[in-house]
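>>> Turn this into a structure:
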Amino acid sequence: MALMNLIIREGRSWPFEDDFHSVEQYSGYFLSHTAFVVRALNNGMDASKRNSSSQGEILGCFYIKPNFPGRCSHVCNGGFITAPRFRGLGVGSLMGKVFLRAARDLGYKSSYFNLVFKSNDTSVKLWESLGFERVTTLEKAARLEGLEELDTAYGYRYDLETLPEDYLGVPPASHRQN
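Next comes the predicted model:
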């Protein structure tokens, strides 16, 4: 919850303006379906090369959940947070790749990210590098910190049925529903 609230206060990558004030409130949003945490396996250095990370320290987290109800619940959404001091180290790329595999193995057919802000160049480059297709442009969509004008939001889609069966070198999950 602390990491999510930090990102909300940054005001640059998520649409929320107010912090989550209780674990129940946070859990209802971020932990409502499937969520993952990326932790450091060993002690190491962060992106600044000045601070070391501890074994088990949280580097990032993400969720996978239906983007829409009912007849469209086979389309998932994901929300991603990389801890600020671990940005630029490939944590986002790792989470994006695991997201694709896990979403497909959870039975989703497609993924759609509604709000990838144009000013978040790192996020735009990440999703495009992983093969997501930009399918929507929504101008004047967000009031973000540090910008004088409203920012544009992009929608990105990935057809999970085109993901290779052995993506990331792992055989298909035996429980996967097609």
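>>> Could you look up the SS state of the residue sitting nearest the centre point of the chain?
Nearest to the mean C-alpha position of the chain, by Cα atoms, centre = their mean, lies residue 80 at 2.4 Å. State at residue 80, reduced to three classes by DSSP: H, G, I helix; E, B strand; the rest coil: strand.
>>> Need the pLDDT of it.
Looking at residue 80, its pLDDT reads 98.
>>> Give me the distance between it and residue 169.
22 Å (Cβ to Cβ, to the nearest Å). (Glycine included, C-beta is placed from N, CA and C.)
>>> Have a look at this protein and report its longest helix.
In the chain, assigned by DSSP state H, the helix with the most residues is helix 91-105.
>>> Now tell me what touches that helix from outside.
With Cβ atoms under 8 Å, 6 or more residues apart in numbering as the test, helix 91-105 has contacts from 34, 36, 38, 59-62, 64, 76, 78, 80, 82-83, 111, 122-123, 126-127, 129-130, 158, 160-161, 163, 167-168, 170, 172-173, 175-176.
>>> Likewise for stretch 135-144?
Contacts of stretch 135-144 (Cβ under 8 Å, 6+ apart): 11-12, 15, 112, 115, 117, 119, 149-157.
>>> number of nearby residues for residue 60?
20 (other Cβ atoms under 10 Å).
>>> Ignore what I typed, I meant residue 101.
19.
>>> Likewise for residue 68?
Residue 68 - counted by other Cβ under 10 Å - has 12 other residues nearby.
>>> Right, I'll leave it there.
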